[in-house]
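> quick one: sequence plus predicted model below, questions after.
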Amino acid sequence: MNKQTKATKVSDVKREWHLIDVKEKILGREATKIANLLMGKSKPYFVKNMDCGDNVVVINAKEVKVTGKKELLKNYYRHSGYPGGFKAERLIDLRKRKPEEIIKEAVKGMLPQNRLRDAMLKRLFVFGTEVHKFENKFEKGDQN
């Protein structure tokens, strides 16, 4: 009777597609669900040192909700690398300019900070409206 745990191999990983509609849903709660899908934590063969997550398509990013006064008070920061290149932008302004970045930044903060994070983020596709280019991946009733 052999009771050894088998190591997960790259060939064991099966990637599924998930469609998530974030219309009128709270940003942090949805970002947590998306991060877990990208990491593959719900899979029986999950290991921390391997990228075994799924592909995630997020639609209606423009209409995601935040609680409290975050719409006016939450800031997103970036730096160009040049002197004086520091920029800060409020959530309300970023929502008008690039609503997809709100979801991407929230999910990025919830993924582990290691070499696998970029590979996981490549499998996240965010769209501001209901229109997306992955219609063929989903059939009627396959949506989350």
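Good, I have the coordinates. Every value quoted in this text rests on a predicted model; they were computed, and no experiment measured them.

> switch to C-alpha atoms for all contacts and neighbour counts from now on
Will do.

> any idea how far R117 is from L94?
23 Å (CA to CA, to the nearest Å).

> and if you look at R123?
22 Å.

> what sits against the closest residue to M110 other than its chain neighbours?
If the residues on either side of it in the chain are set aside, M110 comes closest to A35, at 6.2 Å by CA to CA, 6 or more residues apart in numbering. By CA atoms under 8 Å, 6 or more residues apart in numbering, the residues touching A35 are 107-108, 110-111.

> what about 10 Å?
41, 53-54, 56, 106-112, 120-121, 124 (CA atoms under 10 Å, 6 or more residues apart in numbering).

> continuing past the helix or strand where it lies, what's the next helix or strand?
Remark: A35 resides in helix 27-39, with elements defined by DSSP states H and E. Using DSSP H and E, the helix or strand that follows helix 27-39 towards the C-terminus is strand 55-59.

> contact partners of that next one?
15-23, 30, 34-35, 37-40, 100, 103-104, 120-134, 137.

> could you redo the last one with a cut-off of 8 Å?
Strand 55-59 is contacted by residues 15-23, 34, 37-38, 123-132, 134 when judged by CA under 8 Å, 6+ apart.

> which of these are buried?
Among the contacts of strand 55-59, those classed as buried by neighbour count (16 or more other CA atoms under 10 Å) are 17-23, 34, 37-38, 123-129.

> tell me where this structure has helices.
27-39, 70-73, 91-97, 100-110, 117-121 (DSSP state H).

> could you dump the ones you listed to TSV with mean pLDDT?
As requested, the helices of the chain are arranged in TSV below (pLDDT from 0 to 100):
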stretch	mean pLDDT
helix 27-39	97
helix 70-73	95
helix 91-97	96
helix 100-110	97
helix 117-121	96
